[in-house]
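[1] Task: produce atomic coordinates for the following.
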Amino acid sequence: MEDQNAGDRFSKVLRKVKPYLAMVSLQFGYAGMYIITMVSFKHGMSHWVLSVYRHIVATLIMAPFAFFLERKIRPKMTLPVFLRLAVLGFLEPVLDQNLYNMGMKNTSTTFASATVNVLPAITFIMALIFRLETVNLRKIHSIAKVIGTAVTVSGAMVMTLYKGPELQIIKGQASHHESASGTEPSEQHWVLGTVMLIASCGGWASFFILQSFTLKMYPAELSVTSWICFLGIFEGAIASLIFERDMSVWSIGWDSRLLACVYSGVVCSGMAYYVQGVVTRERGPVFVTSFSPLCMIITAALGSIVLAEQVHLGSIIGAIIIVSGLYTVVWGKSKDSLNSTDAGKSEGQELPIKDGTRAGSDIFDTIEVNVAAEMKGAGKNVLPSART
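    Modelled structure (predicted):
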């Protein structure tokens, strides 16, 4: 009996921490992508072409899972849903990714990943506008969310307006950095790159908000992910043909350019869109965007070691301010979750499944429901490997 109770407690704890583990794992994935894509850019990779290739890879990976696992629960496609998916395919695969990559090339991977810390604040403001978040100024946790958002924006302004002296993180790094010609962007490029990065965050925040609404109309995360990647191919190709007139940029070899396409397609498009969609369904878009400071730390370490990038004092000060404000928002958000749990409410946190089954709190419940539908419909045993 005691063993059963211990097992139940462990299962409950594991169920609660899965969203956190999923988002932390994604930050490691994003940090690796930032480094690999920067290396590919130095080898002549076009960011427009990279966006198209990565979504070709993502579509090839995710579409089979969506087709087989969600064919019993996938709602009928309608024109309003398709239009929302088309907008999603533009916001993240085309607008956000290309603005981010252009901004990163004009600044550095460390600065770019640190600027993304403003994403939760932008998402929080947009969530308030679209009533996905609520603020009650008579509650301390609601005031904390507002103050934290203001502090986060202030930190982003510090990073933008104050660069400061270089800091030598690793011994011998400065001499190596100085010997690499053209690795330090000019002041004009730095300002332009910062504007592009902030605009990228706006596009990404819009993606999360619209994804939340789309999943309410079309509660099939794998299918939504596949559609976003598929539509992103065509929309990205159109943008690439407009801005890249040299057709030779579409040629890639067995080098870092191919690695960037495969890695970013599998990890940061296919898996990330799906996991973020499921966690957004459970915890809301603000929770999903609250883990970016971890990515900044990982990217800064990898950027200093792999790319010999210099870390500036302004980036450090701004990042500290951003992290302080960000986790003030997260604390307030966690209190919201406790209050909604106590009240037995789940508005905006759970989505209905087509057959009337309510989605649970496990981030893998979507696949489990899919498998259950397969077993019920076909009357056959489903292999355990279908879950992965």
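
[2] Spell out the residue ranges of the strands in the stretch 151-300 of the chain.
    For the stretch 151-300 of the chain, the strands defined by DSSP state E, counting those that start in this stretch occupy 166-167.

[3] Burial check on the residue nearest to Val116 when sequence neighbours are not counted, number of neighbours?
    Closest residue to Val116 apart from its sequence neighbours, by CB to CB, 6 or more residues apart in numbering: Ser292 at 4.9 Å. Every residue, glycine included, has its C-beta placed from N, CA and C. Counted by other CB atoms under 10 Å, the residues lying close to Ser292 total 24.

[4] Tell me who's in contact with Ser292.
    Ser292 makes contacts with 27, 113, 116-117, 119-120, 326, as judged by CB atoms under 8 Å, 6 or more residues apart in numbering.

[5] One more pass at 7 Å, please.
    Taking CB atoms under 7 Å, 6 or more residues apart in numbering, we find Ser292 in contact with 116-117, 119-120.

[6] same question, Gly89
    Taking CB under 7 Å, 6+ apart, we find Gly89 in contact with 228, 231-232, 235.

[7] Let me know the closest of these to Ile140.
    Ranked by distance to Ile140 (CB to CB), the contacts of Gly89 are led by Ile228 at 37.9 Å.

[8] Quick check, pLDDT for the closest one.
    Note for Ile228: predicted pLDDT of 94.

[9] and what of Thr107?
    Here, the pLDDT recorded for Thr107 equals 82.

[10] Need the nearest residue in space to it, chain neighbours excluded.
    In space, Thr107 comes closest to Gly193 once its chain neighbours are excluded; the distance is 4.0 Å by CB to CB, 6+ apart.

[11] So Gly332 is in contact with Ile140, correct?
    No - with contact defined as CB atoms under 7 Å, Gly332 does not count as touching Ile140 (8.1 Å).

[12] Tell me which of those two has more neighbours.
    Gly332 (24 against 11).

[13] Could you give me the buried positions within the helix or strand hosting that one?
    Here Gly332, judged by DSSP states H and E, is contained in helix 313-343. By neighbour count on 16 or more other CB atoms under 10 Å, the buried set for helix 313-343 is 314-316, 318-319, 321-323, 325-330, 332-336.

[14] just checking, what's the longest helix in the protein?
    Using DSSP state H to define each element, the chain has its longest helix at helix 2-42.

[15] so what does it touch, helix or strand wise?
    Here helix 2-42 touches helix 47-69, helix 97-106, helix 109-115, helix 256-263, helix 272-283, helix 292-306, going by 3 or more CB pairs under 7 Å, 6 or more residues apart in numbering; DSSP states H and E.

[16] What's the mean pLDDT across it?
    Regarding helix 2-42, the rounded mean pLDDT is 80.

[17] Check stretch 154-165 too.
    The average pLDDT for stretch 154-165 rounds to 75.

[18] how close does Val81 sit to Ile238?
    22 Å (CB to CB, to the nearest Å).

[19] what's the closest of the helices and strands packed on helix 2-42 to Phe208?
    That would be, of the helices and strands packed on helix 2-42 and by CB to CB, helix 272-283, which comes in at 6.4 Å.

[20] looking at the helices and strands packed on helix 2-42, which is buried most?
    helix 109-115 (a mean of 28; mean count of other CB atoms under 10 Å).

[21] Report the buried residues of stretch 136-146.
    141-142, 144-146.

[22] Quickly name whichever of those is closest to Val52.
    Closest approach to Val52 among the buried residues of stretch 136-146 (CB to CB): Lys145, at 37.8 Å.

[23] so how far is Phe208 from that closest one?
    Here the criterion is CB to CB. By it, Lys145 lies 16 Å from Phe208.

[24] what sits against Ile320?
    Counted by CB under 7 Å, 6+ apart, Ile320 has zero contacts.

[25] likewise Phe41?
    By CB under 7 Å, 6+ apart, Phe41 lies in contact with 47, 105.

[26] list the contacts for the closest residue to Tyr100 other than its chain neighbours?
    The shortest distance from Tyr100 to any non-neighbouring residue, by CB to CB, 6+ apart, is to Ser200 (4.1 Å). Applying CB under 7 Å, 6+ apart to Ser200 gives the contacts 96, 99-100, 103.

[27] Tell me the confidence at Ser200?
    93.

[28] So, low pLDDT: which residues of the stretch 251-388 of the chain?
    Scanning the stretch 251-388 of the chain for pLDDT under 70 picks out 293-294, 304, 307-309, 333, 336-388.

[29] Repeat the analysis, applying 90 as the threshold.
    For the stretch 251-388 of the chain, the stretches with pLDDT under 90 are 251-257, 268-388.

[30] how much space is there between Pro93 and Ala156?
    24 Å.

[31] Over to Leu192?
    16 Å.

[32] Which of those two has more residues huddled nearby?
    Using other CB under 10 Å, the more surrounded residue of Leu192 and Ala156 is Ala156, with 27 against 16.

[33] contacting residues for that one?
    The contact partners of Ala156, by CB under 7 Å, 6+ apart, come to 115, 118, 318, 322.

[34] Relative to Val286, which of the residues you listed is nearest.
    Nearest to Val286 among those, with distances taken as CB to CB, is Val118, at 13.2 Å.

[35] I'd like the helices and strands packed on helix 2-42 laid out as a markdown table, including distance to Trp204.
    A markdown table is the format used below for the helices and strands packed on helix 2-42 (distance: least, CB to CB, whole Å):
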| stretch | distance to Trp204 |
| --- | --- |
| helix 47-69 | 14 |
| helix 97-106 | 8 |
| helix 109-115 | 11 |
| helix 256-263 | 19 |
| helix 272-283 | 10 |
| helix 292-306 | 10 |
